[in-house]
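J.: Quick check, what structure comes out for this input:
(2 chains)
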Amino acid sequence: EDQVTQSPEALRLQEGESSSLNCSYTVSGLRGLFWYRQDPGKGPEFLFTLYSAGEEKEKERLKATLTKKESFLHITAPKPEDSATYLCAVNTNAGKSTFGDGTTLTVKP
Amino acid sequence: NAGVTQTPKFQVLKTGQSMTLQCAQDMNHEYMSWYRQDPGMGLRLIHYSVGAGITDQGEVPNGYNVSRSTTEDFPLRLLSAAPSQTSVYFCASTLTRGTEAFFGQGTRLTVV
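T.: Below you'll find the model as predicted:
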């Protein structure tokens, strides 16, 4: 059975305080690992796709990395507008996606 | 470009009532899925479709039915609503396997 575990559940940072979110996974036939951002009352929005171990993607203050067992979302010098829930998901050969429970990030000014 | 459109946005049902949540996408995506999201939790897959006429069960399919007669539409039917089905429901579409999902705005369902 495919499993995705995200940690921590919640993370509170001061503006400018860099940190990382973790997503560990157990799947058969990984087709891609995805990071999404979800704001309250809205649907998730796509951030990154990673396909193979060693791959990295960057967007503004966010950087996603992938190993064979886990992915990290690094947040450098976060701002209050980065506050959101970050979801990790894996897509498999069967074509379906399994999501983690998310990390809720709060950035205080 | 509308993307993924879900209706209604809010719904209150009485226990035992049935209803259909609508989902439509205009991106000619092959894959469509329905998820439910409960407080403090991620998205749990209810049903998904890999193309018109093809559907399969996800993690939590009991109490829900789906069909996919066209590429664009993927309705979710609640057969006999129960309080345990109170949740926020999201529809998503992807171009094909291994590509990013586009989500609707969600339907907040309350069963009393």
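
J.: What residues does residue 79 make contact with?
T.: Went with chain A since none was named. Neighbouring residues of residue A:79 by CB atoms under 8 Å, 6 or more residues apart in numbering or on different chains: A:15, A:61, A:107. For every residue, glycine as well, the C-beta is placed using N, CA and C.

J.: Chain B, not that one
T.: Residue B:79 makes contact with B:18, B:63, B:64, B:65 under the criterion CB under 8 Å, 6+ apart.

J.: circling back: pull out the buried members of the contacts of residue A:79.
T.: Using 16 or more other CB atoms under 10 Å in any protein chain shown as the burial test, the contacts of residue A:79 include residue A:107 as buried.

J.: Would you mind measuring from residue B:31 to residue B:93?
T.: Distance, residue B:31 to residue B:93, using CB to CB, to the nearest Å: 6 Å.

J.: quick one: low-confidence ranges for chain B?
T.: Within chain B, the segments meeting pLDDT under 70 span B:1.

J.: which among the contacts of residue A:79 gets closest to residue A:25?
T.: Set against residue A:25, the nearest of the contacts of residue A:79 by CB to CB is residue A:61 (23.8 Å).

J.: ok, the closest one touching residue A:78?
T.: Yes. With contacts defined as CB atoms under 8 Å, residue A:61 counts as touching residue A:78 at a distance of 6.1 Å.

J.: Name the helix or strand of chain A that has the lowest mean pLDDT.
T.: strand A:97-99 (a mean of 91; mean pLDDT, DSSP states H and E).

J.: Now do residue A:1: how many residues are near it, please.
T.: 7 (other CB atoms under 10 Å in any protein chain shown).

J.: Is residue A:36 in a helix, a strand, or coil?
T.: Assigned with DSSP: H, G, I helix; E, B strand; the rest coil, residue A:36 falls in the strand class.
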